[in-house]
Structures are given as C-alpha cells and as structure tokens.
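Asks: Kindly return the folded structure for what I paste below:
(one chain, ligands or ions: 4)
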Amino acid sequence: MTRSLVRSACPHDCPSTCALDIERLDAGTIGRIHGAADNPYTAGVVCAKVARYAERVHNPDRLTRPLRRIGPKGSGRFEAIGWDEALDIVAAAFREATAEHGAEAVWPYNYAGTMGLIQRDGIKRFRHVMGYSRMKETICSAIGRAGWMAGVGAYRGLDPREMHEADLIVLWGGNMAATQVHVMTHATAARKARGAKIVSVDPYANATARAADIHLALRPGTDGALACAVMHVLFRDGFADRDYLETYSDCPERLERHLRTRTPEWAAAITGLDANAITDFARLYGSVKNSFLRLGYGFTRSRNGAVNMHAVSCLPVITGAWRHRGGGALFSNGGLYELDRTLIEGLDARTPGVRDLDMSQIGRVLTGDSGALAGGPSVTAMLTQNTNPAVVAPESALVRRGLAREDLFLCVHEQFMTETAMMADIVLPATTFLEHDDMYVGGGHTFLQVTRRVIEPLGECRSNHEVLQGLAGRLGGEHRGFELSAWEVMDETLRASGLPRADEIAANGGIDCTKPFDEAHYLGGFGWPGGRFRFAPDWAALGPEAGALPPLPDHVAVTEAADDEHPFRLVTAPAHDFLNTSFTETPTSRRKLVAPTALIHPDDCGALGLDDGGRVRLGNRRGSVVVRVRPFAGLQRGVIVVESIWPNADFEEGQGINTLTAADPAPPAGGAVFHDTAVWARHADAVA
Ligand SMILES: Nc1nc2c(c(=O)[nH]1)N[C@H]1C(S)=C(S)[C@@H](COP(=O)(O)OP(=O)(O)OC[C@H]3O[C@@H](n4cnc5c(=O)[nH]c(N)nc54)[C@H](O)[C@@H]3O)O[C@H]1N2
Ligand SMILES: Nc1nc2c(c(=O)[nH]1)N[C@H]1C(S)=C(S)[C@@H](COP(=O)(O)OP(=O)(O)OC[C@H]3O[C@@H](n4cnc5c(=O)[nH]c(N)nc54)[C@H](O)[C@@H]3O)O[C@H]1N2
Ligand code: SF4
Ligand SMILES: [Mo]
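Replies: Ligands and ions are numbered 1, 2, ... in the order given. As a prediction, the model looks like this:
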C-alpha cells in the first residue's frame, strides 16, 4: 500500500467530533493527522493532541496481546495468553457469578473512550441480552442534559455555523479553547469578520477566558444567581421581547415578578462579581438580538448544576434571540440525529426490572453500599470497555478499594495498561479508531460520519464489537447484533433510520443533519407539549431526585459549601493536553503539562505560606492529595483549580484528584459533581 490521505473521524469524547484526513504511510503506519478542510465545522483545524496521534497509536506501550494476571491484584504481573483462552476465562467467570448470585452480579461497565456508536454502545446490547446489571450514564452529561431539557424540551440547539452571524458570543461554563477548539475558531472568525464580542463566564482565567473580550470570573456553583440577575436587568431595562415571550414561554409575568428581588447586588454577594459588571453584561446581552450562547458542561458539574443550566438557558428566551439568525443557544446536538438504535443497543432484548447501577457511584457499588447496589446482590464480575474508572470516577479511594477486592473478577479491554487495567484478572488488547469501522454523530455540530479502518490492527488487538461477539457466543447470548460485522450493524441501523447506506455516507465524508432555520430555532414551538419554553420546569418528570429543586430559576445553595474547616472550593477542570486520562500516555502531552498543579490566588498563597512550585496538600473527609503550587491571580480568593485528569500514580502517595470529589447524585437525574468540592489547603510539609 502506498502513501495516501484517508478520511476518518475523531472518536474521542469531544464535542468537535472532527472530520479527519489521515496520512497513511503504509498498511500499518500513519503520519500526521489533519482536520478535514471540506467539513465546514472542522474547517481544516485539528487539536494538537490528535494532530500528533502517531504518538498514541504507535506508542510502544500499546497493549498487543491478551494477558492473564499471575501476581497479586494490582501487582502488574501478567502473562500473555491466547484469545480463546482469555475469552473462555471471562465467560466462565461470568457464568460462575451468575450461578452464585444471579445475572445482576455481573456489571459490564463502559464510557466514551470511543464515541463510535457501534464500538461504544454494543456493550448495552450485551447487558440487555444477558440480563446483567445496567449502567446509569451519569459521569458526564446527565446534569446538563436535565437542565437543558427542563426548559427547551428537546436535546438540540443552534447549528454552530450560525456563530458567524452572531454579534455576541457567550461561552458559558466551559473551557472551549482546551476542550473543543473549533468553538474558538468559529467565534474568533466572527469577531474578525463582524466585530462580534466574546464573553466567557468561568471561575478562572483559562485559555478561553483569556481569548474573550469580557471575562466574568464568578464563584463556582453560582451561575443560577448570575443568570437571575441578568434576567432581572433584561426585564427592568426594557430588553425583554414581550411578544415573543407571550407566544413562546409558559409564565413570563410570574418569572418577572419572581426576579424582582434577584438584583445585581443580590447576585454580586453570591457570585463574588461586581454588581456593575453584572449590569453591564446584562445590557450588552439585551442590546444584541443575535447573541449565540454556547453552553459548556463545566458549570453543570455541581449539585445545583441542572438549575443553573436551566436558568442560563432562559436568557435567549427573554430577549427573543431565538428569532434571529445567529441568536439562541447550543449545549448539545446529541438529540439531532434520529437514529434507530435498536440493533446497536439491543433495545428489543431489554429484560424489565433489571437494576440500573449509577456509574458515578462505582466506588460505593464495589464496596457494598446497599443504596448504590439498589438493594441487589454484590457485583462480583465486571468487563470494562472505553473507560478508566480507577482514575476518572469520583470518590476514587473507594473505587480503588473496590477494584482491589479479591472476590471481584475484572476483565479490562483497553489500548493501554491503565490503572484500571492494572487491577484486572484478564486484560484484552483493543484496536483504536484507525483500526476498526464505526460511525459518529457530533454533539457540537450537525454531521453524522461513517469511517472505515485506516490501518491494520496492531498485534492481536480486537475491536469492542469483536470482543462482545466472542463473549456472547460463549455465554449463549443470542442477538442479531452479535452475528453481523460492525459494518453490517451500521448499514442496518442506517437503513432502519431512513438514511443513506454506510458506503455512501463514508464516500461523501458524512451527512449534514442540520434542521431548517425555523425548526432549529424552535419557531414552530419548543419541545414540550404546547410548544412553550418552560420557565417553571416539571422537575419531577426529569428525574427521581427533583425534591430540592425550585419552581422557577434561582440560586440553590445545595453545593458543598466552603466552611471554617474547608475554606476552599475546588474545580477539577480538564487539562489542555489530556482528554480525560487519554493522552496521559503520550510523551508530548506529559512534557507540556509537567505535573498535577493547583492554581491558587496569590493572596491565599501568602496566607498559607505557599511558594510558587512548592507543594500543597488539599483535603476533605474523603481523603487528601499533594500537588504543586502555582500562584494565579485569574480567580477569586477561596477558589482552587487543579487541571486534570492525571493518573493517580503521578501524585505523591498515589492518590489522584478524584480522591476529593464526591459521588453524590445531582438532582433531578443524577450526575457527577466534579467541580463542586470543598477542601482545606495547607503546606504539604505542615504537620496536621
Ligand atoms: N483537552 C481536553 N479536551 C476535552 C476533555 C479534556 O479532559 N481535555 N474532556 C472532554 C469531555 S469528556 C468533555 S465532557 C468536554 C467538557 O468540556 P467543557 O464543557 O469545556 O469542560 P468542563 O469540565 O465541562 O468545563 C470546564 C470549565 O468549566 C468551568 N467551571 C467549573 N465550575 C463552574 C461553575 O460553577 N460555573 C462556571 N461558569 N464554570 C465552571 C471550569 O473552570 C472550566 O474552565 O471536553 C472534552 N474535551
Ligand atoms: N476530576 C475530574 N474527573 C472527571 C472529569 C473532570 O472534569 N474532572 N470529567 C469526567 C468526564 S466529563 C468524563 S466523560 C469521564 C471520562 O472518563 P473515561 O471515559 O474513562 O475517559 P478516559 O480517561 O479518556 O478513558 C477512556 C479509555 O478508553 C480507552 N479506549 C479508547 N478507545 C477504545 C476502544 O475502542 N476500545 C476500548 N476497549 N477502549 C478504548 C482509552 O485507552 C482510555 O483508557 O471522566 C470524568 N472524570
Ligand atoms: S479531540 Fe476534539 S478537537 Fe481534537 S481531533 Fe478529536 S474531535 Fe477534534
Ligand atoms: Mo465528558
């Protein structure tokens, strides 16, 4: 095979879901990766970590053969075995767990190492067909989704290309410059072409805030207060589009009355922002009708995150921004793609009544918390694909204790020897997206893409689909989805969804699923019956834990508040050169990020006697971790940011950042509260 440029798509858990052109050097080797120029969202741009993907796919640390543990759990002592033997061992362990405690004792666990619909979600079919415990997907988007749905009632927003027609772009609660760089390329293009203003709302001066014209550095978990005060000013100062409100919302007069006491001064005390800065921002937002609100995930990762998301999503309704090109909001376009997922996920094989375990509570589940176990049996056998829970899940000291249980059988299907894989009984080597077929939908844009493998699988690596086929076959799990190839599952799914064939979509570099203007802007009505945006959500309809949520947008003081013992609020924001724990294995990313580091206000450093480059211990009742100190003036006093997610082994004592975060489910539908943590901080050498 000769050198060529091959089309693919980025599988990583990033809303940009780039269309990629891969330099293929020979049948097993790639060179540079480029963002495809002919996809209007990717527009020829790719992030640095994926541009140098050769470092990851050809990494000498890739797993290439199935392994069986031969030393104590976690010792890292494994021997290579054949695929048949490895799959036989896993199947026998799952059969034994089922015989002893019932099928719910087996918990196949996954997340989004690849976002490909076939390779990510086939494990759901495996669960359903076998009657194994299900998994409630809460680690990422559950809070934001509930908050967005509360008002809008449909899981989609603006086509991001409309950013070019906006005069104001508000980047709220996400670090897009690090986490989905294309938002910045389109936003800065709008600034250049038409003088659009860019505003960032974020607790710290991250790369996004530094690229913005205005930065509102609020306290974490106070976005509801800020949004309420902005709405107060919008009503008070004549920026509300009353005709629009009359037609498109449920109770504008009631909301206006409720907001009378939510003044900028009231919000200033909660957010730590200057009241004038709040008023100025509100007037700016009110005076521009074509305002594009791009909502991040970060501000939803709090106990009050759903209420905050809902409050912010009210803004373009008040001004009627949705009426205008470039006006409205985008959180996720995940619901834009009308796909029939029956075959992929085995929805026709769901057994009613099987328990649904909260993935964020994996620590509690594995250490026998009866609430987390939903009253059912202990989990004694697991398969993980696409995820590294030993590092990424909250309450990670509990997770690690659970994974170390002698009576837990663990099979980890991975590309690398992650800290989760280190705890396994059987490790299976996985292909990367360049080595298998799949299809992708973009949460941050409007394209569905289908991709064929670009190179041959490394060593003996197998795809997730192939592993599930192998296990289902051994366990007597029958479903058509296990009989077909990944490509055939894709083709049938596309046909059932009324879409073109996989070949055709691949040949065309994807299909654009964007909606016409009126529909994208909800001019025929929002998603709820009656078509009105809900200022007064029906929280109980959105999840079982709605009790604490207010009838109208508000500040809800249910966060883990700072107190005398825990005077700091910790935000564990994503790092620029890692993607969760992916890329922590690539040399350039590691070199660039150096070591786990806390950004602390210089005055707090002074008060605590901390020096630049010194060590600080951060702790709370869940544990403590040691990180480096970097004095940083771009946040409020009392706020600490540690960019993540470093492997636990990169921390002194092996305790990573999620030792500190809590697995308390956020109302109404659950969700991990990674940026809602109170901690104490002291010099690492100080005696407790
Ligand atoms: N480089 C890189 N890219 C990534 C990832 C990564 O780890 N690294 N992760 C990927 C994944 S899985 C996801 S879900 C997306 C997430 O993408 P984002 O939406 O950008 O990330 P978040 O963690 O959700 O948000 C991070 C920002 O939220 C801010 N934040 C925290 N609390 C609050 C708050 O209370 N209010 C406000 N206004 N802001 C707050 C943090 O300070 C931080 O700047 O990114 C994806 N892309
Ligand atoms: N402190 C803190 N913790 C967080 C967050 C935070 O902001 N702060 N963010 C949270 C969020 S938003 C998320 S989404 C989670 C993400 O957490 P995870 O989904 O666990 O993400 P990664 O750590 O990237 O782990 C993905 C793993 O999948 C593997 N993988 C990739 N492709 C394949 C494949 O095709 N097959 C198989 N078998 N394996 C594959 C990769 O090698 C990698 O080890 O982390 C959460 N944890
Ligand atoms: S990680 Fe995000 S920005 Fe980077 S290539 Fe993948 S989709 Fe594009
Ligand atoms: Mo995520």
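Asks: Just give me the longest helix of the chain.
Replies: The longest helix of the chain (DSSP state H) is helix 83-101.
Asks: Need the CA coordinates for the helix or strand following that one. PDB is fine.
Replies: Counting by DSSP states H and E, the element after helix 83-101 in chain order, helix or strand, is strand 106-110. Listed next in PDB are the C-alpha coordinates belonging to strand 106-110 (Å, rounded to 0.1, in the frame of the first residue of the first chain):
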ATOM      1  CA  VAL A 106     -22.200  -9.100  36.500                       C
ATOM      2  CA  TRP A 107     -21.800  -5.400  35.600                       C
ATOM      3  CA  PRO A 108     -20.400  -4.600  32.100                       C
ATOM      4  CA  TYR A 109     -19.100  -1.000  32.500                       C
ATOM      5  CA  ASN A 110     -18.200   1.400  29.800                       C
END
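Asks: Report all helices and strands that strand 106-110 contacts.
Replies: Contact analysis of strand 106-110 by 3 or more C-beta pairs under 8 Å, 6 or more residues apart in numbering; DSSP states H and E lists helix 83-101, helix 117-130, strand 134-136, strand 381-385 as its packing neighbours. Yep, even glycine has a C-beta here, placed from its N, CA and C like the rest.
Asks: Can I get those in TSV including mean pLDDT and mean neighbour count?
Replies: Below are the helices and strands packed on strand 106-110 laid out as TSV (pLDDT from 0 to 100; neighbours: other C-beta atoms under 10 Å):
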stretch	mean pLDDT	mean neighbour count
helix 83-101	98	17
helix 117-130	98	25
strand 134-136	98	19
strand 381-385	98	26
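Asks: what about those, which gets the closest to ligand 2?
Replies: Among the helices and strands packed on strand 106-110, the nearest to ligand 2 by C-beta to the nearest ligand atom is strand 381-385 (4.0 Å).
Asks: What pairs with the closest one, parallel or antiparallel?
Replies: Applying DSSP bridges to the sheet, strand 381-385 is found paired with strand 106-110 (parallel), strand 409-414 (parallel).
Asks: could you dump those to a markdown table with mean neighbour count and distance to residue 496?
Replies: Formatted as a markdown table, the strands paired with strand 381-385 follow (neighbours: other C-beta atoms under 10 Å; distance: least, C-beta to C-beta, whole Å):
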| stretch | mean neighbour count | distance to residue 496 |
| --- | --- | --- |
| strand 106-110 | 25 | 23 |
| strand 409-414 | 25 | 27 |
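Asks: right, and those strands - which one's nearest residue 492?
Replies: strand 106-110 (21.7 Å; C-beta to C-beta).
Asks: quick one: that closest one near ligand 2?
Replies: No: on the criterion C-beta under 6 Å from any ligand atom, strand 106-110 is out of touch with ligand 2, staying 8.1 Å away.
Asks: Now that strand: average pLDDT?
Replies: Strand 106-110 carries an average pLDDT of 98.
Asks: Now do that strand: everything it contacts.
Replies: Residues outside strand 106-110 that contact it (C-beta atoms under 8 Å, 6 or more residues apart in numbering) are 94, 97-98, 120, 123, 126-127, 130, 132-133, 135, 357, 359, 362, 365, 379-387, 389.
Asks: returning to what we had before: mind giving me JSON lines with the strands paired with strand 381-385 and columns for distance to residue 4?
Replies: Below are those laid out as JSON lines (distance: least, C-beta to C-beta, whole Å):
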{"stretch": "strand 106-110", "distance to residue 4": "33"}
{"stretch": "strand 409-414", "distance to residue 4": "29"}
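Asks: Contact partners for the closest residue to ligand 2 within the stretch 101-250 of the chain?
Replies: The stretch 101-250 of the chain approaches ligand 2 most closely through residue 113 (2.1 Å), counting by C-beta to the nearest ligand atom. Residue 113 sits next to 11, 13, 120, 385, 386, 387, 388, 415, 582 when contact means C-beta under 8 Å, 6+ apart.
Asks: farthest pair in these?
Replies: 11 and 388 (15.4 Å).
Asks: Residue 493 and ligand 3, how far apart?
Replies: 22 Å (C-beta to the nearest ligand atom, to the nearest Å).
Asks: That residue sits in which helix or strand?
Replies: helix 486-496.
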